[in-house]
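J.: Take this sequence and fold it.
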Amino acid sequence: MSFHGDCREAVPFRNGSWIASLVAIAACAGIGSIMGVCVTKIGLSHFMTTLAFLGIARGFCFVITEGSPLSLYSLPPEFKFIGQGDVFGLPFSVIIFIAVIFISDYMLRNLMVFRRVYYTGSNEKAAVYSGIRTDRIKFWTTVLCSAMAGLAGIIFMAKFGGATPTFGIGLELNVIAAAVIGGASLNGGAGTILGAILGIALLSIVSSSLILLNVPVYWQELIRGLILLVAIAIDHFIQSKK
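T.: Numbers count the residues shown, from 1 in each chain. Next up is the predicted model:
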């Protein structure tokens, strides 16, 4: 890399873009495996472990980049197509998104190995007594989610032609709110992929409506937090009734 004052530019990335992307996804899966070990072997809270590693990974990115975005100005056209191309007018990134939705939803509904994720989340003791190796389920679920996060980062990089260490800051609550609104339970064992997508759509509609109504940005964050609180309260009420 070459440095010019406070501006950082990346060297041509044409030859190694695909290899670097695979390494990045593998690194994310590796982080997920460490998280899985912390949860299954040490017994740490899955939710708190995820938040801790979020801070660690983000801090590591800031240390490497010093907070400056890296411009990958020489990405090959076929790589940029992932984030910037389209097929019959439909962005290719959206096609990937739709494909992941339907493949994931199908697997969760029909494949026994993924059905065990629900069994483990709904009643881990009963799952253990049924012969399900719950630690293995939690470990590989964490690895898979981390790898998917790496894939999302690659698509973002291809779309904007750069690596931004600040990307995604503040979206954590939106993701949790979308999942809970879509029917997922913070206690596990409930929720669907399509439900989470509907939750994202609802939050997007709320955000767009607030912007159209000229609601100050500070109030928008407050309202989103209240929506999350209501969703968690409803989830808690339903779980208590069960």
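J.: Give me the phi and psi for Trp18.
T.: phi -70, psi -40 (degrees, to the nearest 10).
J.: Repeat that for Leu90.
T.: phi -100, psi 120.
J.: Same question for Gly162.
T.: Torsion angles, degrees, to the nearest 10, at Gly162: phi -160, psi 170.
J.: Same check on Asp86?
T.: phi -150, psi 160.
J.: Strands along this protein, start to end?
T.: Under the criterion DSSP state E, the chain contains strands at 2-4, 7-9, 70-71, 86-87, 90-91, 162-163.
J.: for this protein, which spans come out with low pLDDT?
T.: The chain contains residues with pLDDT under 70 at 1-15, 72-73, 187, 239, 242.
J.: Contacts only, for the residue positioned nearest the centre of it.
T.: In the chain, the centroid-proximal residue (C-alpha atoms, centre = their mean) is Ala149; its distance is 4.7 Å. If you count contacts by C-beta atoms under 8 Å, 6 or more residues apart in numbering, Ala149 has them with Cys28. C-beta coordinates here come from the backbone N, C-alpha and C atoms, glycine included.
J.: Make 21 the first number, not 1, from now on.
T.: Sure, I'll start counting at 21 from here, so that last one is Ala169.
J.: Could you pick out the longest helix of this structure?
T.: In the chain, with assignment by DSSP state H, the single longest helix is helix 154-180.
J.: and Ser150, how many neighbours does it have?
T.: Ser150: 11 surrounding residues under other C-beta atoms under 10 Å.
J.: surely it meets Tyr139?
T.: Yes: counting by C-beta atoms under 8 Å, Ser150 touches Tyr139, with 7.1 Å between them.
J.: follow-up on the earlier one: would you mind listing the buried residues in the longest helix of the chain?
T.: Neighbour-count burial for helix 154-180, counted by 16 or more other C-beta atoms under 10 Å, picks out 154-155, 157-159, 161-163, 166-180.
J.: thinking in terms of the whole chain, how far from its middle is stretch 169-177?
T.: Relative to its chain's centre, stretch 169-177 lies at 9 Å (C-alpha atoms, centre = their mean, to the nearest Å).
J.: try stretch 145-152
T.: 28 Å.
J.: got it, and stretch 123-134?
T.: With C-alpha atoms, centre = their mean, you get 19 Å for stretch 123-134.
J.: contacting residues around that stretch?
T.: Arg135, Val137, Tyr138, Thr212, Ile213, Leu214.
J.: In helices, which of those fall?
T.: Those of these lying in helices (DSSP H): Arg135, Val137, Tyr138, Ile213, Leu214.
J.: Having no further points to raise, I will conclude here.
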